[in-house]
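1. Here is my input, please return the structure:
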Amino acid sequence: MRRSAARTRGLLLNRLKNLGATITRSQYPLHPAFLDALDRAGIMYWVDAPVYQIPNSLWGRAGVRTLAQRAATLMVKNNVNHPSILTWSLAVEPAAEETALGAYAPGFVNYVRDTSHAIREMDDTHLVGFDRQSRIGEPLTTPAHQYIDVLG
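-> This next block holds a predicted model:
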């Protein structure tokens with residue numbers, strides 16, 4: 001028997017509550033009804049823009065940065081009125097290719113700079129960050145970090 005979407009959302013919310021969760025995240029946008037449920041439950045939400053594992057070589061393309069910035073600013077526009085929002089995350093695991101080892105291309109640093117400024121103009125009440133893939137040998141800090149508040 002197929003479970004309804006609303007029932008699945010209820011099941012997921014109950015699992016978070018049973019775990020005693022106070023914060024959650026997802027790599028892609030959640031259904032608005034689930035965000036409403038997080039608001040009511042008092043569970044904070046780290047929102048990730050759907051900008052996932054874009055290789056360094058692509059960040060040099062203006063079109064890629066433009067589309068990524070559009071995705072990130074739409075994330076804010078669509079969710080700004082939810083009290084459960086904790087963080088606007090600009091990307092998930094950038095520079096994930098094995099040879100990059102956490103060294104971000106200048107195009108990615110420019111994206112983080114420009115997009116963090118754009119998001120703060122829209123909403124200066126939430127944290128701005130991104131989620132990195134952490135591997136042995138990666139630098140602890142990079143030039144991109146100066147434009148964010150938190151690192152996931």
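2. and the most centrally placed residue in the chain, bridged to which residues?
-> Against the mean C-alpha coordinate of the chain, by CA atoms, centre = their mean, the closest residue is Asp48 at 2.0 Å. According to DSSP bridges, the partner residues bridging Asp48 are Ser89.
3. and the gap between Val150 and Val80?
-> 18 Å (CB to CB, to the nearest Å). For every residue, glycine as well, the C-beta is placed using N, CA and C.
4. My error: substitute Ala100 in the last question.
-> Taken as CB to CB, the span from Ala100 to Val80 is 32 Å.
5. So for these two, which sits in the more crowded spot?
-> Ala100 (18 against 14; other CB atoms under 10 Å).
6. For Ile85, grab phi and psi.
-> In terms of degrees, to the nearest 10, the main-chain angles of Ile85 are phi -70, psi 130.
7. And Leu30, by the same measure?
-> Here Leu30 shows phi and psi, under degrees, to the nearest 10, equal to phi -90, psi 160.
8. and it, what is it in contact with?
-> 38, 45 (CB atoms under 8 Å, 6 or more residues apart in numbering).
9. Strands along this protein, start to end?
-> 23-26, 44-48, 85-92, 127-131, 150-151 (DSSP state E).
10. now, of the ones you listed, which is deepest in the fold?
-> strand 85-92 (a mean of 24; mean count of other CB atoms under 10 Å).
11. Show me what that strand is packed against.
-> Strand 85-92 is packed against strand 44-48, helix 62-79, helix 106-122, strand 127-131, with contacts defined by 3 or more CB pairs under 8 Å, 6 or more residues apart in numbering; DSSP states H and E.
12. Out of these, flag the one nearest Asn56.
-> Of all the helices and strands packed on strand 85-92, helix 106-122 sits nearest to Asn56, with 6.7 Å by CB to CB.
13. list the contacts for Gly42?
-> 22, 84 are the contacts of Gly42 under CB under 8 Å, 6+ apart.
14. For Met75, see how far away it is.
-> For Gly42 relative to Met75 (CB to CB), the value is 21 Å.
15. now swap in Phe130 and tell me
-> Taken as CB to CB, the span from Phe130 to Met75 is 12 Å.
16. neighbours around the nearest residue to Leu11 once chain neighbours are set aside, how many?
-> Nearest non-adjacent residue to Leu11, counting by CB to CB, 6 or more residues apart in numbering: Arg3, 7.7 Å away. By the criterion of other CB under 10 Å, Arg3 has 9 neighbours.
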